[in-house]
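Enquirer: pasting the structure only:
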């Protein structure tokens, strides 16, 4: 058991990991050590740190976790019903890459379709690639942050997708990080790097789930510390759909992306239920003409806490950022949104649109939102805004005047609120999958709420039960 | 089918309706006219059960299964399910909710209320297409979000589409004609006429005589300071159009 509460304990975890890396290249060990040291240089942040003002690390660092070792899943063949349940969640036509409690299972049914032409494991790529390959990933914006650094240092296995120029992956890649109750206190540290060179095109799903989704008493309380990195070449295209649905888990996720000329990155971060989640997304434009969509949705109940920190850096001109983050908060749910967009002095002709909207269903829910647009260029188009509100009474009355009962009307408005964000997703399959996960949240809500809850909760609860009933065969 | 007796109603503590009486029978068309601030929209909202309006005295009764029932005891959705429909002066935009899902929820709420089998997506799709044809409406209405980015005319037509789906016994149209150009007005009015039956009734709340050329009223009422001060036939609307309210108000004040 290890805690991650002090610099010393993280260094100890590193020395354990280092021992396990004896067979790899010396430069890999040095690079990992540099990453750890860079991350630890700033110390462990507390709430006096502006970046951590509304999210205390206490709940995370007070706990003890098992640092998972061993690269591959070694638990023998996986239970067939589990395979069926997980594969039923895959995006249409997607190739699965499944981690079970942090260990990669390459014998997962469906994974055989992966092609070594573009796919390697992290351990393979660390042996094969020299330091120039890895230094590029290491120098990315956001890599000086604590959790990104811990990942770069301690990651025990991961996924390296390097496409060829002009390669178009027809089948999406669906990475599943599965937590089971076999390792309820696992610290899962997995890294994903995706290189999409000139004119290449790929769709990546990354989903963090515990088998407790839809369980009344979630038991899996693992910690996931993920790092997912993208590098887009000229005119490259990539869509990244990120889903966290593990009700009792701790999650620290870092996403970095570097965008070359005329490339396009579409991202969607869906966070459904986490005891503690901090998600950092850092995007940097390095050449003109690129576009980035940053959309997100967080649905919280109980005492869940989800914090999104996004940063988009326009260092060059004529790039475009479009960001919509929305959240529904029930009970004592707590969300943080901090969205920074920098339009540097050379970012002439850039466009940046940012919006964060929150729907509070309980007086005890809390959201801290900080849209932050910093403009040093004079020829740009930029807007930003944030809103926090409850169910709109005019909308509720309109639906009720059309025969729809209060509970159902409330549910329609909540769904509509979430849907406004989901419907922006252009890919039909991705949109359907995200919709499905949103419905899952409503179901979870019904299962975890008793009718004795306060009115607002009861109303949505009734609505959620209606969905459950509808879905019974 | 509708009887309003000595109705007093207020919003934000201010009394707007001060002893209003109105009786509407099946098959009739009524028009309610009146200067700005006379209480026309308040009457519509009180009837539909808007939570911002409070009734201090008087009552509203509506015939349900041949019995007069107290409307004021009913939640807004119960009033609607029992056959009272309000076409909004300013229809509300509901982002993220498709018109089809909204209309299906309305339709099925009534089915359930009446003990009928609820429609599946497929069945309801056919019903909607039929309603669109009846009202000469583009089927693209169905897939759009409720009233979002609709023009003024489209919003009003969407109200009539809802009316066609719900098939109310009493339709209260609150300034459905305002903000419409001549063509839109004709389309909306034709839509309403197609939905008229001998066992349902229509109340038009309007500023202008214009719509009454298309939907001819049996009675015209003048509302002033929260009460109906004069009732006449369709010629009363023409008289108001020609001379304004001054003469009627003078008669009333004397």
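Expert: That came through, no problem. Quick caveat, the model's predicted, so the values are computed rather than measured.
Enquirer: SS state for the residue in the stretch 151-300 of chain A that chain B sits nearest to?
Expert: Nearest to chain B, among the residues of the stretch 151-300 of chain A, is residue A:297, at 11.2 Å (CB to the nearest CB). For every residue, glycine as well, the C-beta is placed using N, CA and C. Following DSSP: H, G, I helix; E, B strand; the rest coil, the label given to residue A:297 is strand.
Enquirer: touching, it and residue A:421? I think so.
Expert: Yes: Residue A:297 is in contact with residue A:421 according to CB atoms under 8 Å; the separation is 4.9 Å.
Enquirer: what does chain A have sitting close to chain B?
Expert: A:393-395, A:397-406, A:408-409, A:412-413, A:415-421, A:423 (CB under 8 Å from any CB of the partner chain).
Enquirer: kindly recompute the last result at 6 Å.
Expert: A:394-395, A:397-398, A:400-405, A:412, A:416-417, A:419-420 (CB under 6 Å from any CB of the partner chain).
Enquirer: which among these end up buried?
Expert: Buried members of the residues of chain A next to chain B, scored by 16 or more other CB atoms under 10 Å in any protein chain shown, are A:395, A:397-398, A:400-405, A:412, A:416-417, A:419-420.
Enquirer: tell me which two of those sit farthest apart.
Expert: A:403 and A:420 (23.6 Å; CB to CB).
Enquirer: show me where chain B has helices.
Expert: B:40-48, B:76-81, B:99-113, B:121-134, B:152-166, B:182-194, B:234-243, B:246-253 (DSSP state H).
Enquirer: ok, which of these comes nearest residue A:14?
Expert: For those, the distance to residue A:14 is smallest for helix B:99-113, at 52.8 Å, taking CB to CB.
Enquirer: check contacts around the residue of the stretch 51-200 of chain B found nearest chain A.
Expert: At 3.2 Å from chain A, residue B:96 is the closest residue in the stretch 51-200 of chain B, using CB to the nearest CB. Counting by CB atoms under 6 Å, 6 or more residues apart in numbering or on different chains, residue B:96 touches A:416-417, A:419-420.
Enquirer: what about 7 Å?
Expert: Residues near residue B:96 by CB atoms under 7 Å, 6 or more residues apart in numbering or on different chains: A:415-420, A:423, B:145.
Enquirer: lowest-confidence member of these, which is it?
Expert: Within the contacts of residue B:96, pLDDT reaches its minimum at residue A:415, with 89.
Enquirer: sec struct for it, please.
Expert: Under three-state DSSP, residue A:415 comes out as helix.
Enquirer: so what's the residue count around residue B:225?
Expert: 17 (other CB atoms under 10 Å in any protein chain shown).
Enquirer: hang on, it packs against residue B:38?
Expert: Yes: the criterion here is CB atoms under 7 Å, and residue B:225 meets it with residue B:38 at 6.5 Å.
Enquirer: list the contacts for residue B:7?
Expert: By CB under 7 Å, 6+ apart, the neighbours of residue B:7 are B:17, B:20, B:55, B:58, B:60.
Enquirer: wait, isn't residue A:314 in contact with residue A:283?
Expert: No: using CB under 7 Å, residue A:314 is not in contact with residue A:283, being 9.4 Å away.
Enquirer: please identify which of the two sits among more neighbours.
Expert: Each of residue A:314 and residue A:283 has its neighbours counted (other CB under 10 Å); residue A:314 has more, 32 against 27.
Enquirer: not counting sequence-adjacent ones, nearest residue to the more buried one?
Expert: Using CB to CB, 6 or more residues apart in numbering or on different chains and skipping residues adjacent in sequence, the residue nearest residue A:314 is residue A:347, 3.8 Å away.
Enquirer: pretty sure that neighbour sits in a strand.
Expert: No: the assignment for residue A:347 (three-state DSSP) gives coil, which keeps it out of a strand.
Enquirer: ok, which stretches of the stretch 51-200 of chain A are helices?
Expert: Under the criterion DSSP state H, counting those that start in this stretch, the stretch 51-200 of chain A carries helices at the ranges A:58-61, A:80-88, A:122-128, A:131-138, A:146-154.
Enquirer: most packed of these?
Expert: helix A:146-154 (a mean of 25; mean count of other CB atoms under 10 Å in any protein chain shown).
Enquirer: pLDDT of that one, averaged?
Expert: Per-residue scores along helix A:146-154 average to 93.
Enquirer: for the residue in the stretch 51-200 of chain A positioned nearest to chain B, give me its contacts.
Expert: Nearest residue of the stretch 51-200 of chain A to chain B: residue A:92, at 20.4 Å (CB to the nearest CB). Taking CB under 7 Å, 6+ apart, we find residue A:92 in contact with residue A:429.
Enquirer: separation between it and residue A:431?
Expert: 11 Å (CB to CB, to the nearest Å).
Enquirer: hmm, back to that, just the buried members of the contacts of residue B:7?
Expert: Among the contacts of residue B:7, those classed as buried by neighbour count (16+ other CB under 10 Å) are B:17, B:20, B:55, B:58, B:60.
Enquirer: just the ones of those in strands?
Expert: Among the buried ones among the contacts of residue B:7, the ones falling in strands (DSSP state E) are B:17, B:20, B:55, B:58, B:60.
Enquirer: export the residues you listed as JSON lines, with columns for distance to residue B:153 and pLDDT.
Expert: Putting these into JSON lines (distance: CB to CB, whole Å; pLDDT from 0 to 100) gives the following:
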{"residue": "B:17", "distance to residue B:153": "30", "pLDDT": "94"}
{"residue": "B:20", "distance to residue B:153": "31", "pLDDT": "95"}
{"residue": "B:55", "distance to residue B:153": "33", "pLDDT": "95"}
{"residue": "B:58", "distance to residue B:153": "36", "pLDDT": "95"}
{"residue": "B:60", "distance to residue B:153": "31", "pLDDT": "96"}
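Enquirer: so which of those residues comes closest to residue B:106?
Expert: residue B:60 (22.0 Å).
Enquirer: who are the contact partners of the nearest residue to the closest one once chain neighbours are set aside?
Expert: In space, and not counting its chain neighbours, residue B:60 is closest to residue B:71: 4.1 Å by CB to CB, 6+ apart. Listed by CB under 7 Å, 6+ apart, the contact set of residue B:71 reads B:60-62, B:79.
Enquirer: rerun that using 6 Å as the cut-off
Expert: B:60, B:62, B:79.
Enquirer: show me which residues of chain B sit near chain A.
Expert: Residues of chain B lying near chain A (CB under 6 Å from any CB): B:48, B:50, B:76-77, B:80-81, B:86, B:92, B:94-97, B:105-106, B:109-110.
Enquirer: what about burial for those, which qualify?
Expert: Counted by 16+ other CB under 10 Å, those give B:48, B:50, B:76-77, B:80-81, B:86, B:92, B:94-97, B:105-106, B:109-110 as buried.
Enquirer: at the geometric centre of chain B, which residue do we find?
Expert: The residue lying closest to the centre of chain B (CA atoms, centre = their mean) is residue B:172, at 2.0 Å.
Enquirer: thought that one was touching residue B:44?
Expert: Yes: Residue B:172 is in contact with residue B:44 according to CB atoms under 6 Å; the separation is 5.4 Å.
Enquirer: so what's in contact with those two at the same time?
Expert: Common neighbours of residue B:172 and residue B:44 (CB under 6 Å, 6+ apart) are residue B:86.
Enquirer: can you redo the helices of chain B as a markdown table with mean pLDDT?
Expert: Formatted as a markdown table, those follow (pLDDT from 0 to 100):
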| stretch | mean pLDDT |
| --- | --- |
| helix B:40-48 | 94 |
| helix B:76-81 | 96 |
| helix B:99-113 | 94 |
| helix B:121-134 | 91 |
| helix B:152-166 | 92 |
| helix B:182-194 | 88 |
| helix B:234-243 | 90 |
| helix B:246-253 | 84 |
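Enquirer: just send these back as JSON lines, with distance to residue A:172 too.
Expert: Supplementary listing: those in JSON lines, determined by distance: least, CB to CB, whole Å:
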{"stretch": "helix B:40-48", "distance to residue A:172": "48"}
{"stretch": "helix B:76-81", "distance to residue A:172": "42"}
{"stretch": "helix B:99-113", "distance to residue A:172": "27"}
{"stretch": "helix B:121-134", "distance to residue A:172": "27"}
{"stretch": "helix B:152-166", "distance to residue A:172": "37"}
{"stretch": "helix B:182-194", "distance to residue A:172": "46"}
{"stretch": "helix B:234-243", "distance to residue A:172": "64"}
{"stretch": "helix B:246-253", "distance to residue A:172": "71"}
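Enquirer: thank you kindly, that will do.
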